[in-house]
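1. quick one: sequence and predicted model below, then my questions.
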Amino acid sequence: MKKRKLAVAALALIFGTNTFAQNLSAISQQETSRIIKTLSADDMQGRSAFTPGVDKAADFIAGEFKKTGLKPLPEENNFKQTFSVYRFTPQEKEVHLNGQTVSADNVFAVTNYEELEWDKDINVATEVIKESDNFRAAISRINSLEQNVLALVHPKHTDTFKAYQRYLTRGGIQQKKNEGNSKVFVLTDQTVATDYKIEIENQAEQLPLTNIAGMIEGKRKDEIVVFSGHYDHIGILTAVDGDSIANGADDDASGTTAMIMLAKYYKKQPKPDRTLIFVAFTAEEIGGYGSRYFSEQLPPDQIVAMFNIEMVGKPSKFGPNTAYLTGFEKSNLGELMQKHLQGTTYSIHPDPYPEQNLFYRSDNATLARLGVPAHTISSVQIDQDKSYHSVNDEIEQLDMAHMTNMIKAIALASRGIVYGNDTPTRVDKSTVRQ
């Protein structure tokens, strides 16, 4: 009897392995190459937000979802999840600080108000960015504060201050208008603000953005697994050797392609236990507005896991067919993925670049802040990648065999969660930086 059971088990293992191999054959290098080549082509013009190029990419992705047989999300008529943001362009700035008039060239504001009027009788906190401070870290901390802030910036930070100011002069993007808190930054050698008057006027322009989202309905409608990548990039740059298009092949046509291929893969499998949502996020490069909007449309407690995919077109430092998971320690999603890859040629590792803060630099962070086990799968060697955010990020720079194998690895690693056998631990929201 024992021999019979062992023989049956062995046959099951053989047939199971063959089934996996057959299933994974649906993820082909030829199809992967077709999709990423289209998304990173010159006629997409770098897929910058608010441009015809990103609209063309959106149409292409929606077309792929339709061919694959995905359904629109509930209460949506199609795959396009369109919403609005606002671009605030400074018009007038007048600041008086401790009896002195401050030049408008030494002021910028992070605000979604068309008109801002502050004086010493308004409840505004004062922060000082000292000569010894890290300006980028300080501004990030101040912007996260849930209150109005007047920040006095030491002149030592003039160059970085001016860079932020130039960026905002082109128009700062905000989700909402005339609500919430504002931050005003003043370049000055003064370290106290006993008396001040601030008047700022902005022009507010409403602009559309579009996520592309489709689904495979599972047996459990209220348990959701998200596969995602962002399809926008940074558009047109200063020409280098006659090339001005930042094609964004690895960042993040690779992740978007992987997400589409996983949709094609799971559509050919038996009906999943959990509902699968496949989403291409917009506006990641300008503040993650696509994932922010998406996160507001679903109860976060229903999202069991998020596999966000970013820059998987090149081998990782761990070698071919390997990738890493950002925020590995914040849930056990990575351990569950590793379990399902044992005995294969694929492997997932903890993020080897914690100093780069990659967990917070992609669309996973928005859902992780809500407690979702949301992580980014990546293989880019970010500390030495010279094509990042440049005109050289083209398909010719990618290893398509590696990328195709990474998609297969994610397919295998995610099956336990998709079919309800595994449930990752939730992210402790208190450990996630806002």
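-> Good, I have the coordinates.
2. what bridges to the nearest residue to residue 185 once chain neighbours are set aside?
-> Taking C-beta to C-beta, 6 or more residues apart in numbering as the measure, residue 185 lies nearest to residue 151, with 4.6 Å between them; neighbours along the chain are not counted. For every residue, glycine as well, the C-beta is placed using N, CA and C. The partner list for residue 151 in beta bridges (DSSP bridges) reads residue 127, residue 185.
3. what number of residues lie near residue 151?
-> By the other C-beta atoms under 10 Å criterion, the neighbourhood of residue 151 contains 22 residues.
4. quick one: pLDDT of it?
-> Per-residue confidence (pLDDT) for residue 151: 97.
5. make residue 1 into 814 and carry on from there
-> All set: I'll call the first residue 814, so the last point we hit is now residue 964.
6. my guess is it contacts residue 997, does it?
-> Yes: here residue 964 reaches residue 997: they are 6.9 Å apart, a contact under C-beta atoms under 8 Å.
7. ok now the strand ranked longest in the chain, how far from the chain's centre?
-> Longest among the strand segments of the chain by residue count, using DSSP state E, is strand 1009-1029. Using C-alpha atoms, centre = their mean, to the nearest Å, the distance from the centre of strand 1009-1029 to the centre of the chain it belongs to is 17 Å.
8. what of stretch 1239-1247?
-> For stretch 1239-1247 - counting by C-alpha atoms, centre = their mean - the centre lies 17 Å from the chain centre.
9. and the residue minimising distance to the centre of the chain, how close does it get to residue 1120?
-> To find the centre residue of the chain, average its C-alpha atoms and take the closest one (C-alpha atoms, centre = their mean): that gives residue 1176, at 2.5 Å. In this structure, residue 1176 and residue 1120 are separated by 11 Å, where distance is defined by C-beta to C-beta, to the nearest Å.
10. show me what contacts the nearest residue to residue 995 once chain neighbours are set aside?
-> When the adjacent residues along the chain are set aside, residue 995 lies closest to residue 924, with 3.7 Å between them (C-beta to C-beta, 6+ apart). Applying C-beta atoms under 8 Å, 6 or more residues apart in numbering, one finds that residue 924 lies in contact with 901, 987, 995, 996, 997, 1013, 1015.
11. next, give phi and psi for the closest residue to the fifth one other than its chain neighbours.
-> Read that as residue 997. If you skip the residues right next to it in sequence, residue 997 has residue 922 as its closest partner in space, 4.8 Å away by C-beta to C-beta, 6+ apart. Reported as degrees, to the nearest 10, the phi and psi values for residue 922 are phi -130, psi 140.
12. from memory residue 922 sits against residue 904, does it?
-> No: with contact defined as C-beta under 8 Å, residue 922 does not count as touching residue 904 (11.3 Å).
13. how's this protein carved up into domains?
-> For the chain, the domain assignment from automatic domain parsing gives the residue ranges 836-884+1030-1244, 899-1019.
14. quick one, phi psi at the closest residue to residue 1085 other than its chain neighbours?
-> For residue 1085, ignoring the flanking residues on the chain, the nearest one in space by C-beta to C-beta, 6+ apart is residue 1031 at 4.3 Å. Dihedral angles phi and psi of residue 1031 (degrees, to the nearest 10) take the values phi -100, psi 180.
15. number of nearby residues for residue 1031?
-> Applying other C-beta under 10 Å, we find 20 other residues in the vicinity of residue 1031.
16. if I pick residue 1215, what's in contact with it?
-> By C-beta under 8 Å, 6+ apart, the contact set of residue 1215 is 1125, 1126, 1127, 1128, 1133, 1134, 1192.
17. send me stretch 1185-1193 as PDB with only the CA atoms.
-> Written as PDB, here are the backbone C-alpha positions of stretch 1185-1193 (Å, rounded to 0.1, in the frame of the first residue of the first chain):
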ATOM      1  CA  VAL A1185      -1.900  46.200   2.500                       C
ATOM      2  CA  PRO A1186       1.000  43.800   1.900                       C
ATOM      3  CA  ALA A1187       2.100  45.900  -1.000                       C
ATOM      4  CA  HIS A1188       5.600  45.500  -2.300                       C
ATOM      5  CA  THR A1189       7.600  46.200  -5.500                       C
ATOM      6  CA  ILE A1190       9.400  43.400  -7.400                       C
ATOM      7  CA  SER A1191      12.500  44.800  -9.200                       C
ATOM      8  CA  SER A1192      15.800  43.600 -10.500                       C
ATOM      9  CA  VAL A1193      17.500  46.900 -11.500                       C
END
